[in-house]
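Student: here is my input; please provide its structure:
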Amino acid sequence: MASARAQSQLSKQVIIDIPGTIPANTQLPPILLANQPARPPFPAYNVGYNVRANVRAVRQRIPGRPANGHGSPHPYQMLAEDNLHPALFQLEPAPSPLTDIEVPLLVNEQTGQIETSPSGRQLRYFWHLPRWVTVDVLGQMMELWLRLDPRVEMADIMDRVNLDNRAMPAPNVFNMRRIRFREAIDVPSFNTGRREPGASEVERIGVLTREQILLNTAMRVDLQNNRLLRPILDTNRNRLGYVDSGLPIDYFLVNYPLPIAIPSDRQVVTLALRHRMQTLAVRRGLGNGASAFQNLPPALLPRWWMHRANVQPARITDIDNRTHDEWVQGILQQYPGITRAGRPRSRARQGPTQPQPQQPQQQQRQRQRQQPQQVQPAAAPAMQPAAARTNAAIDPRLLVANPPHAFPGLMRPNAPTELEESRLIITSPDGATHYYVEPVHHAMYR
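Tutor: Below you'll find the predicted structure:
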């Protein structure tokens, strides 16, 4: 039986297509794969330092540069097409108290110097990022690194690429690898960098089912057996079949405070734009297919979908005599949470050209650029006891009636070196380790 949290979500109404539309999300019965080889479990994400201790730098033993453009070891090397991390299937990012935590710099333990990129930029410390990233890094690996910590940017990954006398690929090469992987498993980007839903977002949300949207996952939802099915891909990103993920059906909801804001504001606006485009296609006689709006002439498509600056927005007389721009600005005012948590991933880490209010991370990066010699690396172990701060601000996401059970990097009460996540780890009789299992679900694993 599904948890109360899942049942509450599944009682919500979600309309993916307008009435009379031939849906695009008709799913055939899944092909269940058996006798999959055992895989090592993924480690729980570890920030690597005490987030409450204002750590400015973290020492790390830096491996030598691998030959032939290869990468160095990291904690998630077991990731593969047939062994995808659950975080890759989450549709909307959950609130994270790490978002505004300053990121320390990476210091070479042997030399005491701050590590830098080939262009001279100082590297930031992230526990799960390797010092050297292979130039042929896969899209799913980059996507996982970005999703495990909302502070990671594409610049953090590209600054670590091991070129080994090879030319640096254009940023779009790395971004396209991520896009192709996300398309293979039907997930959107966590950070689009724009408020208006893009054409791919409007299209991709239509291949999801109502249950997937409400449970916040691109995994197949098997309500009859109360389970989530994880797809197995081949090296060309084709789906071979599915396996039982072993996760509770509400796994992708547990870090949300109640009431759960899923569908998110962004999903609501994306669906509203999808309905508008489908209505326009029907009234223009293009048929009732779920994606018939793709056949609309350019003048009737949203201006922000076009790559030509000279396209003039047309008034949609078939619906409300407003341009798409006018319509979307009106609905964006109704849903202020349209922008997903985090910041655009691929922007260069450079300061603004004009003085303007800065966020904590921007202030930190400016200090790093202006005063690179004043940073003193921490000589203590990475996990440090939290300093006593009687006036420390409490994250507002922890002040709700039903706060999430655990956030990555927080310590258990009275145990400054023990991660809170350890309370949500359980080992089943077959020896498998399961992470982030709420106590109410422990019986399912015994």
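
Student: apart from its chain neighbours, what residue comes closest to Leu273?
Tutor: Nearest residue to Leu273, sequence neighbours excluded (C-beta to C-beta, 6 or more residues apart in numbering): Pro197, at 5.2 Å. The way it works is simple: take the backbone N, C-alpha and C, and place the C-beta from them, glycine included.

Student: and if you look at Trp304?
Tutor: Setting aside the residues directly before and after it, Trp304 is nearest to Glu196 in space (C-beta to C-beta, 6+ apart), at 4.9 Å.

Student: run a quick neighbour tally on Arg39.
Tutor: Arg39 has 12 neighbouring residues, counting by other C-beta atoms under 10 Å.

Student: all strands of this protein, in order?
Tutor: Remark: strands assigned in the chain by DSSP state E are 57-60, 105-108, 133-134, 161-162, 220-222, 227-233, 239-244, 411-412, 415-419, 426-427, 433-434.

Student: which of those strands has the lowest average pLDDT?
Tutor: Note on the strands of the chain: lowest mean pLDDT is at strand 411-412, with a mean of 43.

Student: report the central residue of the protein.
Tutor: Arg147 (3.7 Å; C-alpha atoms, centre = their mean).

Student: that residue and Asp100, how far apart?
Tutor: From Arg147 across to Asp100, the span is 18 Å (C-beta to C-beta, to the nearest Å).

Student: now swap in Arg131 and tell me
Tutor: Noted for Arg131: a distance of 26 Å to Asp100, by C-beta to C-beta.

Student: which one of these two has more residues nearby?
Tutor: A direct count of neighbours by other C-beta under 10 Å for Arg131 and Asp100 places Arg131 higher, at 21 against 12.

Student: wait, the more buried one sits on Gly64?
Tutor: No. Contact criterion C-beta atoms under 8 Å: Arg131 and Gly64 do not qualify, at 9.5 Å.

Student: wait, what's in contact with Leu123?
Tutor: 105-106, 114-117, 131, 156, 159-160 (C-beta atoms under 8 Å, 6 or more residues apart in numbering).

Student: return a ChimeraX selection command for the buried portion of the residues you listed.
Tutor: Restricted to buried positions by 16 or more other C-beta atoms under 10 Å, the ChimeraX selection for the contacts of Leu123 reads:
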select :105,106,114,115,131,156,159,160
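
Student: save the contacts of Leu123 as CSV, and put in distance to Gly285 too.
Tutor: Putting these into CSV (distance: C-beta to C-beta, whole Å) gives the following:
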residue, distance to Gly285
Leu105, 60
Leu106, 59
Ile114, 63
Glu115, 61
Thr116, 60
Ser117, 55
Arg131, 58
Asp156, 49
Asp159, 52
Arg160, 53
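
Student: what's the closest of the contacts of Leu123 to Val207?
Tutor: Nearest to Val207 among the contacts of Leu123 is Asp156, at 30.7 Å by C-beta to C-beta.

Student: and the nearest residue to the closest one once chain neighbours are set aside, bridged to which residues?
Tutor: Spatial nearest neighbour of Asp156, excluding adjacent residues (C-beta to C-beta, 6+ apart): Arg124 at 5.8 Å. Arg124 has the following beta-bridge partners by DSSP bridges: Leu105.

Student: from memory Arg124 sits against Ile101, does it?
Tutor: No. Between Arg124 and Ile101 there is no contact under C-beta under 8 Å: 11.7 Å.

Student: between the two, tell me which one has more neighbours.
Tutor: Arg124 (26 against 22).

Student: residues contacting the residue nearest to the centre of the chain?
Tutor: Arg147 neighbours (C-beta under 8 Å, 6+ apart): 87-88, 90, 93, 190.

Student: separation between it and Ile31?
Tutor: Using C-beta to C-beta, Arg147 is found at 27 Å from Ile31.

Student: give me every residue that touches the closest residue to Pro86 other than its chain neighbours.
Tutor: Residue nearest to Pro86 in three dimensions, not counting chain neighbours: Leu247, with 6.2 Å by C-beta to C-beta, 6+ apart. Contacts for Leu247 (C-beta under 8 Å, 6+ apart) come out as 86, 219, 227-228, 434.

Student: which other residues reach the biggest helix by length in the chain?
Tutor: Scanning the chain for the helix with the most residues, using DSSP state H, yields helix 265-283. For helix 265-283, contacts defined as C-beta under 8 Å, 6+ apart pick out 14-18, 20-21, 91-92, 197, 201-202, 205-206, 213, 263, 287-288, 290, 292-293, 295-296, 300, 302, 316, 318-319, 324, 327-328, 331-332, 335-340.

Student: leaving out the residues flanking it, which one is nearest to Gly48?
Tutor: The shortest distance from Gly48 to any non-neighbouring residue, by C-beta to C-beta, 6+ apart, is to Trp127 (3.4 Å).

Student: wait, the one you found touches Asn46, no?
Tutor: Yes. Between Trp127 and Asn46 there is a contact under C-beta under 8 Å: 5.2 Å.

Student: quick revisit: ok, now how distant is the residue nearest to Gly48 from Val47?
Tutor: In terms of C-beta to C-beta, Trp127 sits 6 Å off from Val47.

Student: okay, those two: which has more neighbours?
Tutor: Val47 (24 against 19).

Student: surely that one meets Leu98?
Tutor: Yes. Taking contacts as C-beta under 8 Å, Val47 lies within contact range of Leu98: 7.1 Å.

Student: pop out the phi and psi values for the residue nearest to Gly48.
Tutor: Dihedral angles of Trp127 (phi, psi; degrees, to the nearest 10) stand at phi -60, psi -40.

Student: give me the distance between it and Glu102.
Tutor: The value you get for Trp127 to Glu102, if C-beta to C-beta is used, is 15 Å.

Student: just the ones of the contacts of helix 265-283 in helices?
Tutor: Using DSSP H, 201-202, 213, 324, 327-328, 331-332 are the members of those that sit in helices.

Student: pull out the buried members of those.
Tutor: Buried members of these, scored by 16+ other C-beta under 10 Å, are 201-202, 213, 324, 327-328, 331.

Student: circling back: closest to Gln27 among the contacts of Leu123?
Tutor: The closest of the contacts of Leu123, once distances to Gln27 are taken by C-beta to C-beta, is Asp156, at 36.4 Å.

Student: how about the closest residue in space to Thr323 that isn't next to it in sequence, what does it touch?
Tutor: Of all residues not flanking Thr323 in the chain, Pro313 sits nearest, at 4.0 Å (C-beta to C-beta, 6+ apart). With contact set as C-beta under 8 Å, 6+ apart, Pro313 has these partners: 303, 323-325.

Student: taking the residues you listed, please make a ChimeraX selection of just the buried ones.
Tutor: Applied in ChimeraX, the following selects the buried portion of the contacts of Pro313 according to 16+ other C-beta under 10 Å:
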select :303,323,324
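
Student: would you turn the contacts of Pro313 into TSV with pLDDT?
Tutor: Below are the contacts of Pro313 laid out as TSV (pLDDT from 0 to 100):
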residue	pLDDT
Arg303	91
Thr323	95
His324	96
Asp325	94
